[in-house]
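> could you work out the structure for the sequence below:
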Amino acid sequence: MRTSLKAAATICLLVSGAQAAPTAHPQAEAQALDLAMKAISFRSVSGPGNQTPQVAALYKSALVAGGFADRDVTITPFGDTAFLIARWPGSEPGLKPLVVSGHMDVVEAKPSDWQRDPFTPIVENGYLYGRGATDMKLDGTIAIAALIELRREGYRPRRDIIIEFSGDEETTMKTSEIIARQLPPAELVLNIDGGGGTLDEKIGKPLYFTWQGAEKTYADFELSVTNPGGHSSAPRKLNAINQLSAALVRIGNYQFKPEVSDLTRAYFAEAAKYQAPEIGAAMRAFTTDPTDKTAIATLTANPATIGKIGTTCVTTMINGGHALNALPQRATANINCRIFPGHKPADILAELLRVAGDPAVKGKDVTEGSVANDASPMRPDFIAAVKKAMAQTYPGVPVFPSMASGASDSMWFRYHHVPSYGAGPMFTKDSEDFSHGLNERTPIFNIPPAITYYLSLFTDLSK
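Residues are numbered from 1 along each chain as shown. Sure thing, here's the model as predicted:
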């Protein structure tokens, strides 16, 4: 592609402006961008016409051309999608493998809503535009190009390196579950669909980098009230809609116990330095005393921090009644929860029912595609490898852990007691994070330092 070649030629200039390490692997960098643009052109969206299998074929072709044995790269169809698993055999087969995890599917994007066609990739003013530019086709092709570069340089891992891409992470995550179940227990998983760096909003300078060691558990609970109903001209004191509404108000006013873990404590301690003074002070106070009412009030009032200090539940859908002139026989509501690691969904549902305060309110778990999982351990070997890799690309940039509020493929690995870490090296401004949104784009200056980062990280963790 002419556009991708021109873009590759400008990466060297752009990366110097972002104060990253100089370009050193031009072949891998050009391949990463070219593959990303080809991948974005495939509409890998769940439903009719899903082209995720074509993305898998593109990735396999690149891996095999880069030295992977054809038999070691498998594509497995699943419904309208597919998943890919590629293995680079290590010199000591008895060691647990290192798994690099990503996904190939993207969320829907309607061309009529975008300024540019979401499935026609283009590089403009240093940004790669297109659905998947951020989440996560560029991330995936950079990892592929880095592995191929390692082979080109003659590296031989001691433990197997497995790179896998699920095909429905954005929807049901069924292929994610299959992959986590099929793979042998890994030493650890590097989820390249998590983590990342933050750029200064004004000058674009890298501020800090976080890796993800935990994510909150997604859960949906249906609350319902049923009544005999009757004619609307003869109202009764007990009304299903009124009863459920009163319970929802109590739930909406309720706050789960704020809490802190080793991982979130480390995050607050470092992230406080980059916040507005009031938020930073609240972060520091909360890590010292998780019962500090003033700190809790400040962090709860801030949408960016409320999800980091405990479980949150919010009403997202309601339905009630069956006729305009009849008393409601049934009213239901969906409560969507993001559960702090270490808690079981059943316990959260029981707490919601206690808060509802009405025995007529019944509840059931209606979650699909999500399971509870605890935080991964803060492993010194992983942390050291990430800090070393980041020091080679963005010297002096602080590195610390974080917890994700949304679900990722790490969920299924953690469910099977395999430590998984979000460790993607992409840097963006908070204001330019358009994943899942309109006009998705990512700065291409990320490519050279990301290649260098992965070369270091993959090597250290597969020795």
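> in this structure, where is pLDDT below threshold?
For the chain, the stretches with pLDDT under 70 are 1-23.
> what about the helices in it?
2-17, 26-40, 52-65, 137-152, 174-182, 240-252, 262-271, 277-288, 293-301, 345-356, 380-393, 410-415, 447-462 (DSSP state H).
> closest to Asn439 out of these?
Each of the helices of the chain was scored for nearness to Asn439 using CB to CB, and the closest is helix 26-40 (13.1 Å). Heads up, the C-betas are built off the backbone N, CA and C, glycines and all.
> what comes up buried for that closest one?
Neighbour-count burial for helix 26-40, with 16 or more other CB atoms under 10 Å as criterion, is recorded at 28-40.
> same question, stretch 167-177
For stretch 167-177, a neighbour-count test (16+ other CB under 10 Å) marks Gly167, Asp168, Glu169, Glu170, Thr171, Met173, Lys174, Thr175, Ser176, Glu177 as buried.
> can you put these in JSON lines and add distance to His103?
JSON lines is the format used below for the buried residues of stretch 167-177 (distance: CB to CB, whole Å):
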{"residue": "Gly167", "distance to His103": "7"}
{"residue": "Asp168", "distance to His103": "8"}
{"residue": "Glu169", "distance to His103": "4"}
{"residue": "Glu170", "distance to His103": "7"}
{"residue": "Thr171", "distance to His103": "10"}
{"residue": "Met173", "distance to His103": "9"}
{"residue": "Lys174", "distance to His103": "12"}
{"residue": "Thr175", "distance to His103": "8"}
{"residue": "Ser176", "distance to His103": "7"}
{"residue": "Glu177", "distance to His103": "13"}
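> which one of those is nearest Val64?
Compare each of these with Val64 using CB to CB and the shortest gap goes to Gly167, at 19.1 Å.
> correct me if wrong: that closest one contacts Gly102.
No. Counting by CB atoms under 8 Å, no contact exists between Gly167 and Gly102, whose distance comes to 10.8 Å.
> contacts only, for the closest residue to Leu138 other than its chain neighbours.
If you skip the residues right next to it in sequence, Leu138 has Ala36 as its closest partner in space, 4.3 Å away by CB to CB, 6 or more residues apart in numbering. Under the criterion of CB atoms under 8 Å, 6 or more residues apart in numbering, the contact list for Ala36 reads Pro121, Leu128, Gly132, Ala133, Lys137, Leu138, Gly140, Thr141, Ile142.
> give me every residue that touches the second one.
For Leu128, the set of contacting residues under the criterion of CB under 8 Å, 6+ apart consists of Ala7, Leu33, Ala36, Met37, Ile40, Pro121, Ile122, Leu138, Arg441, Thr442, Pro443, Ile444.
> burial of the nearest residue to Arg87 once chain neighbours are set aside, as a residue count?
Using CB to CB, 6+ apart and skipping the chain neighbours, the partner closest in space to Arg87 is Asp72 (4.5 Å). Neighbour count for Asp72, taken as other CB atoms under 10 Å: 15.
> do the one 5 residues further on as well
Pro77 is surrounded by 12 other residues when neighbours are defined as other CB under 10 Å.
> so it touches Asn50, yeah?
No. With contact taken as CB under 8 Å, Pro77 and Asn50 are classed as non-touching, separated by 10.9 Å.
> now do the end-to-end distance for stretch 324-341.
Start and end residues of stretch 324-341 are separated by 44 Å (CA to CA, to the nearest Å).
> what comes up buried for that stretch?
For stretch 324-341, the neighbour count (16+ other CB under 10 Å) marks 327-333, 335, 337-341 as buried.
> what about that stretch, distance to the chain center?
Relative to the mean C-alpha coordinate of its chain, stretch 324-341 is positioned 28 Å out (CA atoms, centre = their mean, to the nearest Å).
> domain-wise, how is the chain divided?
Here the domain assignment for the chain is 2-215+374-462, 217-365, based on automatic domain parsing.
> if you compare the ones you listed, which one is most tucked away?
For these, average neighbour numbers computed from mean count of other CB atoms under 10 Å are highest in domain 2-215+374-462, which has a mean of 20.
> out of the helices of the chain, which gets nearest to Gln212?
helix 410-415 (7.4 Å).
> and of the buried residues of stretch 167-177, the nearest to Arg354?
When the buried residues of stretch 167-177 are compared against Arg354 (criterion: CB to CB), the nearest one is Met173, at 30.4 Å.
> how close does the closest one sit to Met378?
The spacing between Met173 and Met378, counted by CB to CB, to the nearest Å, is 25 Å.
> what's the answer for Ala39, then?
Between Ala39 and Met378 the distance is 33 Å, computed by CB to CB.
> do the same with Glu187
Using CB to CB, Glu187 is found at 16 Å from Met378.
> now swap in Arg284 and tell me
Taken as CB to CB, the spacing of Arg284 relative to Met378 amounts to 20 Å.
> before we move on, what about Thr172?
In this structure, Thr172 lies at 31 Å from Met378, with CB to CB as the measure.
> same question, Tyr127
Plainly put, Tyr127 is 34 Å away from Met378 if you go by CB to CB.
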